[in-house]
Structure formats: C-alpha cells, structure tokens
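Peer 1: generate a structure from the sequence data that follows.
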Amino acid sequence: MEQSDQNSDETTFEKENYMESGKAREAVEHFPGRLANIAQDGCEAILSCDNSVKLKLEAMEEGIVRLKFAPDGHLGDNFSYAALPENFKDRPELKLNEDAHHVRISTEELSVKIARNGLRITIENSAGTVLSEDEKGFHWEPNKTYGGNIVLYSRKIQAREHFFGLGDKSCHPEMRGRRFELWGSDTYAYGQETDPLYKNIPFFIGVHHGLAYGIFFDNTHRSFFDFGKERQDISSFWAQGGLMDVYFINGPTVADVVRRFAKLTGVPEMPPRWALGYHQCKWSYKTEEELLGIAQGFLEHNIPCDALYVDIDYMDGYRCFTWNFESFPKPGEMIRGLEEKGFKTVAIIDPGIKVDPDYWVYQEGIEGDHFCRQMDGDLYTGQVWPGACHFPDYTKPETREWWSTLFKGLVEEDGIAGIWNDMNEPADFNDAKTFPRHIRHDYDGHPCSHRRAHNVYGTQMIRATREGLMKFNGGKRPFAITRSAYAGAWRYASAWTGDNISSWEHLRIANMQCQRLNLSGYSFVGSDIGGFLDAPEGELFTRWIQLGIFHPFCRVHSSGENGNQEPWSFGEPYTSIIRKFIEFRYRLLPYIYSAFRQHVDTGVPILRPLVYLDSTDNETFHRADEFCCGDHLIVCPMTEKGATGRWFYLPSGRFYDYWTDKVVAGGDELFCEASLEQIPLHVRAGAIIPLDPVRQYSWQEVKDPREYHFFVPLMGDKPVVSELYDDSGDYYDYREGDFCRAYYECERLEENLIRVKARYEGERSLPRTRFHLRGLKAEPVALTIDGEKHEPAMCFEVDSKFSEILLEI
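Peer 2: The predicted structure follows:
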C-alpha cells in the first residue's frame with residue numbers, strides 16, 4: 001500500500017488502482033460517444049465523436065499503428081521522451097472503408113476495425129486473423145484525488161494467449177494471470193514478487209495462435225497492467241493521468257515485434273570495448289590504498305579485469321563532484337596509474353545535491369534555478385546520503401546542459417572513464433521513498449507535476465550525465481550506467497538490476513530479469529553478480545559468475561558490510577574456476593562485441609529468451625532459465641545449491657555440447673551433467689565462434705592469434721551465418737569506415753564436403769586467425785583456401801580476409 005501521509009496527497013491502494021470490477025468501485029466510467037466525423041490525411045486519420053472524444057490513428061509503417069485517444073478532444077503535441085517518429089521516413093497512406101456500423105482503416109499489414117458507437121477496436125493482420133479485440137476498449141474516469149482523468153483500456157484475452165515484457169520485473173517472464181505497476185521505486189532487497197521495481201518500460205508482447213504483437217503504452221504517469229488477474233478473460237492497462245497513447249506493433253514473430261519496437265524507441269551506440277569486460281565494484285572501496293590493493297589482487301591472481309568502481313565514500317561528505325582528499329589524496333594520479341595497469345575507473349554520482357552554501361555545485365544550482373520546486377514555488381528539500389538535499393530538474397533542457405558541465409573535473413582533469421547514476425528513481429529517505437506528487441517539473445516545455453515526471457526522472461538524469469562524459473572524455477565513446485529508466489533510456493546508458501540479495505533465488509531472478517529487459521528493449525544490462533546484500537558462499541558466487549559472463553554488463557557489486565566479493569575471496573577450488581570463466585568472458589569478447597553491433601544495427605537483443613527464438617513452440621512459453629546469447633550460444637545456468645546436473649530445453653535445431661562436441665538434437669528437454677567447473681552450454685551446428693587470446697584487460701595487446709572455433713555443419717541443415725564485427729574499440733572512427741564486419745556462411749554441401757563462404761564490409765583489417773574444427777572425428781582429407789590447396793589439419797591459419805574454405809572430410 002502507498003503511504004497515506006505523504007504531504008496529504010496520497011490515497012489508498014484501491015483508489016490508486018483502477019478496478020475493472022469489485023466492491024471498491026466509486027468512480028463513473030465514461031466512454032467515447034458515436035462517431036461524428038472522420039478526417040484523413042495520408043498516414044493519419046482523426047475520428048471525432050459527438051461527445052468531444054477524439055481518436056488520432058497514425059501509421060508509422062505498415063506494421064506499426066499509433067492510437068491516441070483524448071477524452072476532451074485535445075490531442076496535444078507529439079512530444080515523447082521515448083518514441084522517435086523521425087525514424088519513420090516514408091509512412092504508408094491509410095486505406096479507409098466504411099459501413100453502417102464500423103470504419104475500417106488499413107495498412108498492407110494491419111486492419112483496424114472501429115465501431116461507430118464507442119470506438120471499440122478489433123485489429124487483424126492481412127490474413128484476417130484477429131490479433132487484438134477490445135472489451136470496453138478506451139474509457140476513462142475522473143481522478144478524484146488529483147483532478148483530470150484516469151485513462152483505461154481493456155481487451156479480450158485470446159485463446160491460449162501469453163504475455164511477456166514490461167522490462168524490470170522479477171517474477172516468471174510469462175505474465176498471464178498477473179498484475180503489474182510501473183512507478184520507479186527504490187526497492188532495497190526486493191524479492192521475486194516485489195512490484196514495482198526500478199525501471200518503467202510500458203511495453204509488452206502478446207502471443208497467440210503462433211502470432212505475436214506488441215503494445216507500447218507511451219504514458220509516463222503511474223500505470224498498471226492486468227493480464228487476467230482480476231478477470232481471467234480480460235487484459236487491461238491504465239494510467240493515472242495523461243492521454244491514452246498506444247502503439248500497436250505487428251509481428252508476426254516475437255523477433256519482428258522486438259525489432260520494430262527498437263526502431264520506434266531507438267538503440268544505443270556502440271560502447272567502448274572495455275565496458276564489456278569484467279568490472280569490480282563495492283560499497284565501498286573507501287581509500288586509495290584499498291582500491292590500489294584490489295587492482296594488485298587482480299594482477300597477482302592473473303584474473304582479467306577492465307574497471308574498478310568508487311562508490312559514495314570517495315566524496316567529501318557525499319557531495320557529488322568532490323573528492324575526500326584524506327582518503328584519496330591524489331585522485332588524478334591514482335586513476336592514471338590504474339589505467340597504466342589496465343584498469344579504468346568508474347565513479348558514482350547521485351542526484352541529491354547537499355544543501356550547503358559553501359558547496360560550489362549547490363551555489364551554481366541555486367544561481368541557475370536548476371532545482372525542483374514545490375507547487376508554491378519553494379525549493380523542494382529531501383533527505384538522502386548527504387542529509388538535506390535539493391534535486392536538479394533533469395526534465396529542463398537548461399538543467400541538463402548545466403549538469404553536463406559539472407563533469408569537467410572528474411572526467412577531463414582526473415580521468416574518470418565512466419559514470420554510474422544511482423538513487424535516480426528518484427529515491428528519497430522520506431516515508432514515501434520518493435518526491436511528493438506535487439513537485440513541479442519543466443518536462444521540456446510541458447510543465448507538469450511529479451506525477452508525470454517521476455518515471456522519466458532517471459532517464460533524463462543519465463541523458464545529461466552521458467552528455468557530460470562526451471563533453472570531456474576527449475572524443476571517446478561514453479560509458480554510463482543507470483538504476484532507474486523509462487523506455488528509450490537504452491539510448492544513453494547501460495543498466496543493472498538494483499539491490500539484490502546473495503541467494504540462489506536471486507541468481508534465478510537475475511537470469512529472468514536480464515532476459516526480460518532484453519526482450520523489452522534494454523540489452524546492455526546485468527545484475528550485481530554474487531548479490532549486493534548478504535554474503536554468498538563460494539559455490540553460489542561461482543555459479544553466478546558462470547551466468548554473469550554471458551550478460552552484456554558484467555559487474556560484481558556488493559555491500560562491504562557483508563564481507564569481500566573479489567574473485568579470490570573464496571579460496572580454492574573456487575578461485576581457479578572463477579578465473580577460468582572470467583577468462584572465458586574475455587575470450588568471448590569478439591563474439592559479444594559482434595552481438596552488440598547486431599543490436600545497434602537491427603534492434604535484435606543480445607540475450608534472447610526461448611520464446612524470442614520460436615514463439616510457435618508452446619514449450620518456450622514457460623521456460624525461464626535457458627536463453628541464447630548472440631546468434632549461436634544456448635546457455636542454461638545452474639541455479640540450485642549442490643546440483644551437478646540439470647534438465648533444460650533446447651530449441652529446434654541441432655547443436656554441439658560446447659565442452660564435449662557431442663551433437664544434440666533440439667526441440668526436447670534434456671539432462672546435462674554440469675559439475676562446478678561447467679554449466680550447460682551448447683552451440684548451434686554450423687556456427688563459428690570467435691575466441692580471443694586471454695588478456696589481463698580488453699585493450700591489452702597480445703601476440704597470439706584469434707581463434708575461430710568452427711562447429712561443423714551437419715548434413716541436411718540449412719546454411720548458418722556467423723557474424724564478426726571489429727573496430728578500434730574506443731572512438732568513433734568506425735563511422736568513417738574504420739571497421740570490419742565479416743559474414744561467414746557455413747554449409748554441408750555433401751556428406752563429405754563443407755564450405756565456408758566469407759564476405760566483408762568496412763576498411764579495417766582483421767587479426768591473424770586460426771581455425772579450430774569442432775565436431776569432426778578425424779582430420780579432414782583435403783583443405784582448399786581461396787582456390788589453393790593446403791595441408792589438411794584440425795587446426796590451421798588463414799588470411800584475415802579469406803573468401804572461401806572447402807573441407808573434404
């Protein structure tokens with residue numbers, strides 16, 4: 001239940017939550033009247049009712065239709081922090097057909113049938129199959145607490161329909177029968193049923209009859225989603241203010257929906273390569289001596305690491321953009337010394353600015369009118385780590401610009417390589433744990449209360465932080481991390497899943513959360529490996545590392561009061577096994593980096609739940625552990641204490657066991673032995689997995705060649721394409737052609753003949769490469785590379801840009 005004493009402007013749970021039915025119903029529902037007029041212009045149509053309700057229907061492309069309802073007829077402008085209409089250049093013209101009872105507005109892919117009385121909608125695909133069917137459809141009720149309206153939408157659940165998405169949720173990914181809330185919250189030590197959490201992504205996917213669609217409800221007010229919890233046959237969503245602004249996204253596959261959602265809300269830029277390495281963090285490494293000792297520990301134990309973090313104790317009295325010079329006497333010298341040894345330094349920055357007239361950031365914030373104000377015009381004062389604080393209004397462009405200038409000292413002068421934004425839900429140590437609803441925001445020229453700005457506060461903070469990094473990092477790619485986010489935040493930063501717990505349950509939660517976030521548009525994510533709260537024992541930490549190395553953001557983070565969580569903290573045999581898997585992460589970096597490039601170019605997620613791979617396979621709807629990393633690696637973590645094997649499900653196709661090269665057929669549940677030294681890991685037959693030599697850090701130069709582990713294709717399988725992307729790893733020179741993208745098509749032409757055909761894009765050369773043949777029982781009998789015969793072998797070197805390999809076996 002919400003706190004009821006938050007400046008007297010809060011209500012009980014039942015009033016905060018719209019109820020489709022039930023004893024607490026007091027409000028009167030209102031519905032669109034009868035259609036009175038239709039005005040169509042190309043890709044847009046506006047439908048006006050006799051009671052002032054308007055519906056604006058807009059085709060973004062053939063498979064995306066926007067539906068925007070306004071109870072009072074005021075549709076507003078098209079401002080959105082998430083949607084990018086500029087990504088849709090050539091929009092299709094709508095086709096309009098009418099009869100006595102309905103209006104049908106169509107694109108080549110979608111047909112939207114609208115009832116003349118009440119504007120209830122049925123959406124069909126081009127084959128006439130119903131994808132979505134309204135129950136009450138759009139309606140509204142007066143918001144008796146705040147004024148304005150609660151806007152609502154209810155639809156009929158289709159037979160055998162399943163629901164996925166909503167980003168940062170910790171429960172099982174299949175959502176039918178559940179209700180969720182989006183209101184970014186500081187949920188310390190959350191559990192599997194805790195809701196809401198930190199991030200707010202109002203996007204979900206429905207799947208039924210082998211077809212998928214998506215709905216993005218672009219409304220930043222506190223919102224709710226019910227997938228048949230209250231009424232088993234009805235799915236509904238609603239928000240406590242704003243307009244009903246919905247994008248309906250056609251599939252027909254889950255992959256198509258996710259790709260189109262990425263086009264609508266954007267994708268990140270390529271990160272610096274070191275951001276994909278292993279990172280070590282703790283609350284807190286409190287002194288320079290302690291931090292340097294951690295760096296030395298990695299070197300002495302020969303464990304790769306790219307980044308070390310400083311938490312709030314590096315600051316002077318928790319004042320952001322300052323140093324505690326007693327604990328860190330020469331921060332710039334320390335940071336440069338760490339970088340010479342291969343370690344980047346990442347620093348935390350929170351939104352709360354200490355109320356201190358002698359503090360330069362506070363002074364600038366006051367002079368520039370950058371802090372949030374109450375409805376009566378007074379500055380809002382909250383309580384966080386420094387004590388009394390004011391908070392910047394990041395929804396104000398001038399404030400974002402000011403905030404970006406504050407990073408000069410940390411980044412340009414001291415050499416901080418990345419910034420980590422925490423507490424940006426925003427968190428507050430009051431009873432409600434966040435700002436009162438009446439706090440005012442600019443909202444980029446659309447003045448509003450915190451009711452509308454709350455869910456985007458963290459996104460606009462990390463947006464400004466990223467701009468600060470870009471101002472002062474010498475032209476390098478920025479690296480930023482956020483805890484809170486709204487849809488589209490992935491354009492600015494990576495994210496982690498918040499203050500979790502060292503438990504086997506939370507290992508399972510981390511797996512589900514990261515898959516779910518990837519399916520919801522946020523690929524560059526990870527969990528606090530090992531758990532933030534409490535202390536893991538060696539087995540749990542090892543199993544978590546074995547999962548975490550496949551997550552795009554790979555960071556250990558812990559609360560220091562619970563002990564140490566460095567990779568060597570648990571003794572043998574754990575240290576050696578942990579080293580082996582962190583080294584494996586570094587060997588996989590070219591594969592993960594290439595998967596990231598795919599994500600940037602096409603929106604395809606880096607982590608792919610089984611339902612993403614094949615939504616026509618009913619078995620995938622209920623599988624939460626297994627996932628595909630990139631195109632070809634099927635991963636299934638070990639999530640039970642003491643387990644030395646587990647059941648798991650492989651999707652359709654044929655695969656190799658990575659550790660044994662045994663061929664395994666997919667489309668079935670299998671049992672896999674997995675001692676503490678291994679986890680179930682399978683590779684698609686025909687795939688090439690690029691593996692780098694082990695490095696101490698990602699940008700270290702080494703002499704050994706890159707290896708291509710070629711899991712040879714099997715007779716009867718379709719050709720398999722493997723992609724490799726490479727660039728300088730830190731700057732933007734790839735935009736000028738300094739990159740290489742390789743496509744390797746592998747096929748079993750005959751029982752004894754295998755072919756690899758390669759093509760390339762970009763001007764960059766690739767490193768020397770050594771092929772390793774996997775899955776053959778004997779050495780090949782003949783090897784031809786670009787028309788020249790070579791000595792056949794299980795391992796052979798090739799030029800960096802070969803065109804064709806033929807293997808006779």
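Peer 1: okay, CA-based contacts and neighbour counts for the rest of this
Peer 2: Fine.
Peer 1: please enumerate the helices of this structure.
Peer 2: For the chain, helices defined by DSSP state H occupy the ranges 13-16, 254-265, 288-300, 331-340, 360-367, 397-405, 450-453, 457-472, 504-519, 538-548, 574-587, 589-602, 610-613.
Peer 1: show me where pLDDT drops low in this structure?
Peer 2: The chain contains residues with pLDDT under 70 at 1-27.
Peer 1: and residue 781, how many neighbours does it have?
Peer 2: The number of residues packed around residue 781, counting by other CA atoms under 10 Å, is 12.
Peer 1: ok, now how distant is it from residue 685?
Peer 2: 21 Å (CA to CA, to the nearest Å).
Peer 1: can you check residue 405 too?
Peer 2: 51 Å.
Peer 1: neighbour count winner among those two?
Peer 2: residue 685 (28 against 17).
Peer 1: ok, now which ones touch the closest residue to residue 498 other than its chain neighbours?
Peer 2: Using CA to CA, 6 or more residues apart in numbering and skipping the chain neighbours, the partner closest in space to residue 498 is residue 483 (6.3 Å). Residues near residue 483 by CA atoms under 8 Å, 6 or more residues apart in numbering: 198-199, 421-425, 458, 495-498.
Peer 1: same thing but at 7 Å, please
Peer 2: Residue 483 makes contact with 198, 421-422, 424, 495-498, according to CA atoms under 7 Å, 6 or more residues apart in numbering.
Peer 1: how about residue 439?
Peer 2: Residues near residue 439 by CA under 7 Å, 6+ apart: 372-375, 449-450.
Peer 1: okay, the residues you listed in CSV with distance to residue 33 and neighbour count next?
Peer 2: Listed next are the contacts of residue 439 as CSV, based on distance: CA to CA, whole Å; neighbours: other CA atoms under 10 Å:
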residue, distance to residue 33, neighbour count
372, 40, 24
373, 40, 21
374, 38, 18
375, 36, 15
449, 30, 19
450, 32, 23
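Peer 1: now the strands: where do they sit in the stretch 651-800 of the chain?
Peer 2: 654-657, 663-665, 668-673, 681-684, 688-691, 706-711, 720-727, 739-750, 753-761, 769-774, 782-785, 788-790, 795-798 (DSSP state E, counting those that start in this stretch).
Peer 1: oh, that last question was meant for the stretch 51-200 of the chain, not what I typed.
Peer 2: 54-61, 64-70, 95-98, 102-106, 110-115, 121-125, 130-142, 149-156, 162-165, 179-182, 199-200.
Peer 1: just how off-centre is stretch 136-153 within its chain?
Peer 2: Computed by CA atoms, centre = their mean, to the nearest Å, the chain-centroid distance of stretch 136-153 equals 30 Å.
Peer 1: could you export it as CSV, CA atoms only?
Peer 2: Output of stretch 136-153 as CSV, limited to C-alpha atoms (Å, rounded to 0.1, in the frame of the first residue of the first chain):
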residue,chain,number,x,y,z
LYS,A,136,-14.5,-2.0,-23.2
GLY,A,137,-11.7,-0.5,-25.2
PHE,A,138,-10.7,3.0,-24.4
HIS,A,139,-12.6,4.7,-21.5
TRP,A,140,-11.9,7.0,-18.6
GLU,A,141,-13.0,8.0,-15.2
PRO,A,142,-12.4,11.2,-13.1
ASN,A,143,-9.3,11.2,-10.9
LYS,A,144,-10.9,12.3,-7.7
THR,A,145,-7.6,12.8,-5.9
TYR,A,146,-5.6,14.9,-8.4
GLY,A,147,-8.2,16.0,-10.9
GLY,A,148,-8.0,15.2,-14.6
ASN,A,149,-8.7,11.6,-15.7
ILE,A,150,-7.6,8.1,-15.2
VAL,A,151,-7.3,6.7,-18.7
LEU,A,152,-8.0,3.0,-19.3
TYR,A,153,-8.0,0.3,-22.0
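Peer 1: contact partners of it?
Peer 2: By CA under 7 Å, 6+ apart, stretch 136-153 touches 27-32, 120-121, 154-155, 236-241, 243-244.
Peer 1: let's go with 6 Å and repeat that
Peer 2: 28-31, 120, 154, 236-241 (CA atoms under 6 Å, 6 or more residues apart in numbering).
Peer 1: ok, for residue 704, nearest residue in space, not its chain neighbours?
Peer 2: residue 693 is the one closest to residue 704 (CA to CA, 6+ apart), at 6.2 Å.
Peer 1: swap that for residue 633, sorry
Peer 2: residue 683 (4.9 Å).
Peer 1: touching, the one you found and residue 630? I think so.
Peer 2: No. Using CA atoms under 6 Å as the test, residue 683 is too far from residue 630 to be in contact (10.7 Å).
Peer 1: thinking again about what came up before, from the contacts of residue 439, which land in strands?
Peer 2: Those of the contacts of residue 439 mapping onto strands are residue 449, per DSSP state E.
Peer 1: got the contact list for residue 60?
Peer 2: residue 91.
Peer 1: so what's residue 555 up against?
Peer 2: Residue 555 neighbours (CA under 6 Å, 6+ apart): 278-280.
Peer 1: so for it, what's the nearest residue that isn't a sequence neighbour?
Peer 2: residue 279 is the one closest to residue 555 (CA to CA, 6+ apart), at 4.5 Å.
Peer 1: give the contact list for residue 724.
Peer 2: Residues in contact with residue 724 (CA under 6 Å, 6+ apart) are 594, 741-742.
Peer 1: bridged to it, which residues?
Peer 2: In this entry, residue 724 is beta-bridged to residue 742, by DSSP bridges.
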